[in-house]
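Undergrad: Following is a predicted model, sequence given first.
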Amino acid sequence: GQQLNQSPQSMFIQEGEDVSMNCTSSSIFNTWLWYKQDPGEGPVLLIALYKAGELTSNGRLTAQFGITRKDSFLNISASIPSDVGIYFCAGRRNYGQNFVFGPGTRLSVLP
Amino acid sequence: EAQVTQNPRYLITVTGKKLTVTCSQNMNHEYMSWYRQDPGLGLRQIYYSMNVEVTDKGDVPEGYKVSRKEKRNFPLILESPSPNQTSLYFCASSYPPGTGNLRLYGYTFGSGTRLTVV
C-alpha cells in the first residue's frame, strides 16, 4: 500500500514553544487531513486541506498543503500541556479513495 | 451527540476463541471502516464498507471478517484470534468519500478497543 512518512517520530518541547511537523508521500495527493489522538482516545480531525498551497488555521494550529502535493505541514504555536498526544496525517490520491494514514508524531509538552 | 461507539473498550482473550468487536454510529454515515494501531505503524486499514452489504478489504485483512447488515453497525469478527492480533482497534465512519460538504470528508473515530490475545 501507499506509505506516508511523518517527521519527527517524537518530540519533547517546553510549554510555550512553537512546534513544526511534516508528512511526506511518494504519491501526489489531492486531500490532506491532520488528526490528533489524545491518550486513550480515538483520533479527532483537526484540519482538512484540499488544494496545493492551501494554508488553513484552527486556533493555534496551522496546516499547509505542500506545493508539490506530496507533503503537508502542521504547526502549533505557543504549545500548552493539552497539546500532548499523537498527531497523524492522512492523505488520499483521488476523491472516492480511502485515506492512508502516517505513523504519527508523538508530542510531549514539558511544563 | 454524534458519535461512533465501540465495545468493548478492553478485551483479553485466548488464542483461537472467536470474538466480535461491535461498532455503531448514529450519524447515518454510509462509509465505515476498521483500523488497527500498532506502535510505529500508525493506523492500518483492515476492512471498510461503502454501504450496507458492501464491504472490501483494506491493507491488512488477514484473520478478520466484517459484516454490514445495517447502516449503523459494522462489527469486526476474529474467528480464531492469534497473539499477532494483539493491538488497538478503531472503528471510523464518514459520508462517502468524494461527496458532500468538504468539511465532512474526515472520518469520525470511536474511542478504540484494546485487544490482547494470549
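TA: Noted; the coordinates are in hand.

Undergrad: Can you name the residues of chain A sitting close to chain B?
TA: Among all residues of chain A, those adjacent to chain B (criterion: CB under 8 Å from any CB of the partner chain) are A:1, A:4, A:6, A:9, A:31, A:33, A:35, A:40-45, A:48, A:50, A:88, A:90, A:92, A:94-104. C-beta: built from backbone N, CA, C; applies to glycine.

Undergrad: Mind doing that once more with 10 Å?
TA: Taking CB under 10 Å from any CB of the partner chain as the measure of proximity, chain A contacts chain B at A:1-4, A:6, A:9, A:31, A:33-35, A:37-38, A:40-48, A:50, A:86, A:88-90, A:92, A:94-104, A:106.

Undergrad: From the chain's centre, how far out is stretch A:12-22? Work that out for me.
TA: Going by CA atoms, centre = their mean, to the nearest Å, the spacing between the C-alpha centre of stretch A:12-22 and its chain's C-alpha centre is 13 Å.

Undergrad: first vs last residue of that stretch, how far apart are they?
TA: End-to-end distance for stretch A:12-22, by CA to CA, to the nearest Å: 16 Å.

Undergrad: so for that stretch, what's the average pLDDT?
TA: Along stretch A:12-22, the predicted confidence averages to a pLDDT of 97.

Undergrad: cool, and stretch A:34-52?
TA: 92.

Undergrad: ditto for stretch B:37-57
TA: Confidence for stretch B:37-57, expressed as mean pLDDT, is 92.

Undergrad: Could you pull out the buried residues of stretch A:37-51?
TA: If you call a residue buried by 16 or more other CB atoms under 10 Å in any protein chain shown, then stretch A:37-51 has these buried ones: A:37, A:42-43, A:45-49.

Undergrad: Quick one: distance of it to the chain centre.
TA: Between the mean C-alpha location of stretch A:37-51 and the chain-wide mean there is a distance of 8 Å, by CA atoms, centre = their mean.

Undergrad: Could you do stretch A:14-32 as well?
TA: A distance of 4 Å separates the centroid of the chain from that of stretch A:14-32, by CA atoms, centre = their mean.
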